[in-house]
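Engineer: need a structure here:
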Amino acid sequence: MITAIDTNVLVALWDRNDTLNSAAQAALDAAFARGKLVISGAVFAELLAFPRRTETFLDEFLKDTGIAVEWTTDESVWRVAGKAFQRYANRRRKKSVGGPRRILADFLIGAHALEKSYSLLTLDDGIYRAAFPKLQIVKV
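Structural biologist: Okay, the predicted model is just below:
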């Protein structure tokens, strides 16, 4: 089984002060025991935006942990992400939904996992359950 990892799981892992740090570590260990771990290019890009994260740091971290980056994004992923993002935007406009506003990267991450038939390891299952009901989600 292949597990795609959401950005927030790795951020929690890196932040020793995060209350979810040990839960993120345990979830990653369990996912690794089940099979291969991957991130999409969108996750790599989001991780690079965090303080003190360089390409060298990320490359070494991914190599050391055995997490692969899937750089290629097929047309089907873009289409599924675009449709899910469209539905989300329509819901927000109609309901004036509160809470954090989502960005396209969230939908690319979910569509990548769904289209590749991977499970998705995340701290935030709400957005993915709403946008991708058929996606197998593993919540930290």
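Engineer: Going by C-alpha atoms from here, please, whenever you check contacts or count neighbours.
Structural biologist: Fine.
Engineer: can you list contacts of the longest helix along the chain?
Structural biologist: Of all segments of type helix in the chain, defined using DSSP state H, the longest is helix 75-95. Residues from elsewhere that reach helix 75-95 (C-alpha atoms under 8 Å, 6 or more residues apart in numbering): 97, 104, 107-108, 110-112, 115, 131-132.
Engineer: And Gly98, what's its pLDDT?
Structural biologist: On the pLDDT scale, Gly98 is placed at 61.
Engineer: Can you list the low-confidence ranges for this structure?
Structural biologist: Counting by pLDDT under 70, the low-confidence segments of the chain come to 96-100.
Engineer: quick one: which of the contacts of helix 75-95 has the most company?
Structural biologist: Neighbour counts for the contacts of helix 75-95 (other C-alpha atoms under 10 Å) peak at Gly110, which has 30 neighbours.
Engineer: Run through the residues that contact that one.
Structural biologist: Applying C-alpha under 8 Å, 6+ apart, the residues contacting Gly110 are 81, 120, 128, 132, 135.
Engineer: again, but for Asp125
Structural biologist: By C-alpha under 8 Å, 6+ apart, the contact list for Asp125 reads 137-139.
Engineer: and the residues you listed, which are buried?
Structural biologist: 137-138 (16 or more other C-alpha atoms under 10 Å).
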